[in-house]
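*Asks:* structure for the following, please:
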Amino acid sequence: MKKIAVSLFVVLLLVNAGLVFFQYYGFSEGGDEKALVDFSYAQEIEVTYANATLEVRHTFTDLPSGELTLVWPKAATAIACEEGACNRLAGNSATFTAGDTNQQVLTYKVPIAGGLKSQTLMQNVFVQLQAGTADTSTVHISTKNGQKGQWITGLPLSSTNTLDGLTYTVFSGKGNVYDLYWQAGDIALKTATEDYSIYSAYNVTDKFVEEVSKMEIEFNQHVAIIQAKKQNVHENSRFIFMPELNLAQVKTQIVAAQLATKYKVPADSPAWLSQLLIAEVADITLTDPRAQQIRQELTKRLTTKQNELLHEKIVALKGETVTLEQLDTMLTSIIGEKTSFFTANATSKTLYPLLFEDERGIYIDEVRIDELKAIKYNDLTYYLATPLLETLGYKGAEGENGFYVTGNGHSYRFPVSEMFYVFNERRYDVKTRPFDKIGGQYYIEEAWLVRLFKVDVRKKDRVIEITTIQGEQ
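*Replies:* Sure, this is the predicted structure:
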């Protein structure tokens, strides 16, 4: 019995030892892999501008020992290792190979097409380490004295000095550096905090600086607010361009920039989408006309509880991609009826109202009409006019004095705004309009469809059946 107990103890001891080994091995392997997926380093970038070219000496320090992927500027040329200070650059310059040397110095050139103009934005001009974040970045830029103006990187400006015919500008701060901006003339740094710097060629009053300082401005990285013409920037940009420095515009632009760090919006999204999202997370005035219309429509058509729920769901999307389709799905779940409100407004020339789509198949005299759709608007059911009328033997068209319908020996005219219609040259007053133009298309209201065109409408779980009453057309 004693031998059995001892043997069992030895077996358990070996099993535990094996588990500890594999756990340690797995942890070690996972640790190395994580270091390469999410790592930090420091960098110093020395830039000399000459002959329409940025000549760059780029020093990376505190590098991890694993293989690192380099992301080069598309226009980079003359890529090389500095002799004696770089032994990890692969032959194709695509990676730093694995190694213990934690400092590497690269040199390269980036041509600037047309040279420095009055306002030149140079994006993605510095090599990046994929998945890496710079704990500290220092950028030195030297230019000839004859070129009067200001360099901006998005990092805090440390100093500007002139020596031996050259102007040296130094920036230093946390985070990666992707871009350079040059503006000729008297533009200068007007004020700076830990979160932002403001540059302008004009006088900035103390009152303006005081009011801006009261705003809740907090970015993931230091940014430069530049009074200059609007520029299209990438999602990692540290620049905010503003044609005018007024408090309302500053607030809107800053909130928009802050939003960009919280939400991702597809590049092909309409401009009003960003404004709507901003308005959900900050107290700003909507300036885009369509954004104003959409917000008013939602406020008018949804209950207070539904609007609150929509707000909560949008706020909860921080860090995710926000698409029009996603917002439609969200709104559908809140209301309990299908809607394409947001996607429809992306293409509609005028406001597309909040309406609800009936997804049931529609049959006319037992034939399914795929083009025909039903909607619910203002608590009434409407059918798309053109395919419906054509199937019933009529033609409908918009004319000078309303919507005209002809066929089966009859003619109708339905004014757009007046409360009457004309049937075979005879006028009939109405309290509700038979036809309405909704979202740019004409629809006929269900009760008027039955009354005017003598059909029977029956609704089932999956289909809507429209049947003509024989002898009544």
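
*Asks:* now stretch 431-443 - C-alpha only, PDB.
*Replies:* Taking C-alpha atoms only, stretch 431-443 is exported to PDB below (Å, rounded to 0.1, in the frame of the first residue of the first chain):
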ATOM      1  CA  LYS A 431     -59.700  65.900 -46.600                       C
ATOM      2  CA  THR A 432     -56.600  63.700 -47.200                       C
ATOM      3  CA  ARG A 433     -54.400  63.500 -50.300                       C
ATOM      4  CA  PRO A 434     -54.700  60.300 -52.400                       C
ATOM      5  CA  PHE A 435     -51.100  60.600 -53.600                       C
ATOM      6  CA  ASP A 436     -48.100  62.000 -51.800                       C
ATOM      7  CA  LYS A 437     -44.500  62.600 -52.900                       C
ATOM      8  CA  ILE A 438     -42.400  60.900 -50.300                       C
ATOM      9  CA  GLY A 439     -38.600  60.800 -50.500                       C
ATOM     10  CA  GLY A 440     -38.700  62.000 -54.100                       C
ATOM     11  CA  GLN A 441     -41.200  59.300 -55.300                       C
ATOM     12  CA  TYR A 442     -45.000  59.200 -55.600                       C
ATOM     13  CA  TYR A 443     -47.000  56.900 -53.400                       C
END
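
*Asks:* who touches it?
*Replies:* 344, 348-350, 352-353, 355, 375, 377, 382-386, 396, 398, 403, 414, 416, 419, 421, 444-445, 448, 452 (Cβ atoms under 8 Å, 6 or more residues apart in numbering). The C-beta positions use only the backbone N, C-alpha and C, and glycine is treated the same way.

*Asks:* filter those to the buried ones?
*Replies:* 344, 352-353, 355, 375, 377, 382-386, 396, 403, 414, 421, 444-445, 448, 452 (16 or more other Cβ atoms under 10 Å).

*Asks:* returning to what we had before: could you list which of the contacts of stretch 431-443 belong to strands?
*Replies:* Residues of the contacts of stretch 431-443 located in strands (DSSP state E): I375, Y377, Y382, Y383, L384, G396, E398, F403, F414, Y421, I444, E445.

*Asks:* farthest pair within the residues you listed?
*Replies:* Spanning the widest gap among the ones in strands among the contacts of stretch 431-443 are I375 and Y421, at 21.0 Å by Cβ to Cβ.

*Asks:* now do the strands in the stretch 251-400 of the chain.
*Replies:* 356-358, 361-364, 367-368, 374-377, 380-384, 395-399 (DSSP state E, counting those that start in this stretch).

*Asks:* just checking, what packs against the fifth one?
*Replies:* Contact partners of strand 380-384 among helices and strands, from 3 or more Cβ pairs under 8 Å, 6 or more residues apart in numbering; DSSP states H and E: strand 374-377, strand 441-445, helix 446-453.

*Asks:* dump the residue contacts of the most centrally placed residue in the chain.
*Replies:* The chain has V265 as the residue nearest its centroid, 1.8 Å off, counting by Cα atoms, centre = their mean. Shown in contact with V265 (Cβ under 8 Å, 6+ apart): L273, S274, L277, T321, V322.

*Asks:* point out where the stretch 101-250 of the chain drops to low pLDDT.
*Replies:* 145-146, 216-219, 235 (pLDDT under 70).

*Asks:* contact partners for the closest residue to Q123 other than its chain neighbours?
*Replies:* The spatially closest residue to Q123, leaving aside those adjacent along the chain, is D179, at 4.8 Å (Cβ to Cβ, 6 or more residues apart in numbering). Shown in contact with D179 (Cβ under 8 Å, 6+ apart): L121, M122, Q123, N124, V125, T153, G154, V233, S237, R238, F239.

*Asks:* with respect to I79, which of the residues you listed is nearest?
*Replies:* V125 (13.4 Å).
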